[in-house]
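>>> What follows is a predicted structure for the sequence shown.
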Amino acid sequence: MSLYEASFRVKHECPYREISERHPDLTIREWYLSDCQVLEISSAEAPTDDLLEEIDGLGTILHRSVDESGLHVVTQSCLCSLEESIIDRFEAYNCLYQPPTIHRQGWEHYTVIAFDEGDARALLRDLEDDRDVDVLAKTAIAEQQIPHSMLAPVDQLFEGLTDRQLAALQLALESGYYEQPRQTSLRELADRTAVARSTYEEHLRKAENKLLTNAGTFLRLVTATSTDPLRVDRSGTAEQHAD
């Protein structure tokens with residue numbers, strides 16, 4: 001099965017797009033984290049006072065420099081402005097969003113990976129209903145061409161895990177619980193904490209379940225173009241190929 005990469009740009013009402021339209025030398029790169037968004041704003045031109053004032057209104061300034069190379073700013077803000085985000089549409093059509101979003105000269109640039117060409121086409125038709133869409137490229141991806149940028153972002157892998165679940169997972173990993181053979185047991189791990197064995201095991205199993213669930217999309221991505229290492233016979237029994 002082939003994967004499909006679609007690159008396109010869209011134009012609709014968005015404060016970042018509007019700023020990039022007013023300042024055509026500006027490039028805004030946008031990343032979404034679990035509870036915030038980060039913007040990297042750059043320009044080879046010296047910024048005007050009006051531009052700096054607009055940037056100050058985008059969120060908390062984490063870094064700002066203006067020198068002979070131009071402007072470079074990093075900001076952080078909450079995700080409250082992302083309700084009904086275009087990213088949700090990507091997920092509805094089984095398309096994997098490839099960050100960052102790039103805003104330049106009044107356009108938002110996106111790249112997605114689809115497991116089926118029909119999904120990519122359906123997504124683009126949906127977007128065309130309420131915004132201007134310009135398709136830049138749509139190509140099949142061979143197995144050997146899958147880029148490292150498609151690896152799972154760390155925040156997505158650990159999304160939904162509580163602090164206690166993360167602590168249980170980290171202790172198990174650092175203590176050799178997942179090595180073969182195991183270097184410790186659940187009882188020994190629990191003895192090193194302030195909770196009962198059953199409680200520790202519950203935290204660990206929930207952490208494992210959430211981690212694997214979050215990784216499911218990316219596991220499917222990695223195996224989508226690979227030869228199946230398991231052969232299923234007519235009785236439904238899986239047989240592993242010889243190494």
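All right, it came through fine.

>>> what number of residues lie near residue 193?
Number of residues near residue 193 (other C-beta atoms under 10 Å) recorded here: 15. Glycine gets a C-beta too; all of them are placed from N, C-alpha and C.

>>> swap in residue 203?
With other C-beta under 10 Å as criterion, residue 203 counts 23.

>>> Which pLDDT does the model give it?
Per-residue confidence (pLDDT) for residue 203: 95.

>>> wait, what's in contact with the closest residue to it other than its chain neighbours?
Once flanking residues are discounted, residue 203 sits nearest to residue 168: 3.9 Å by C-beta to C-beta, 6 or more residues apart in numbering. Residues near residue 168 by C-beta atoms under 8 Å, 6 or more residues apart in numbering: 189, 193, 200, 203-204, 207.

>>> could you redo the last one with a cut-off of 6 Å?
Residues near residue 168 by C-beta atoms under 6 Å, 6 or more residues apart in numbering: 200, 203-204, 207.

>>> Give me the below-cutoff pLDDT ranges for this protein.
1-2, 34-35, 79-84, 142-156, 217-243 (pLDDT under 70).

>>> Could you list the domains of the chain?
3-143, 154-223 (automatic domain parsing).

>>> quick one on the thing from earlier: got phi/psi on the residue nearest to residue 203?
Phi and psi for residue 168, reported as degrees, to the nearest 10, are phi -60, psi -40.

>>> hang on, residue 122 in a helix?
Yes - counting by DSSP: H, G, I helix; E, B strand; the rest coil, residue 122 is part of a helix.

>>> Does it touch residue 93 like I think?
Yes - the criterion here is C-beta atoms under 6 Å, and residue 122 meets it with residue 93 at 5.4 Å.

>>> tally of neighbours for residue 201?
With other C-beta under 10 Å as criterion, residue 201 counts 16.

>>> Please tell me how far it sits from residue 165.
Noted for residue 201: a distance of 12 Å to residue 165, by C-beta to C-beta, to the nearest Å.
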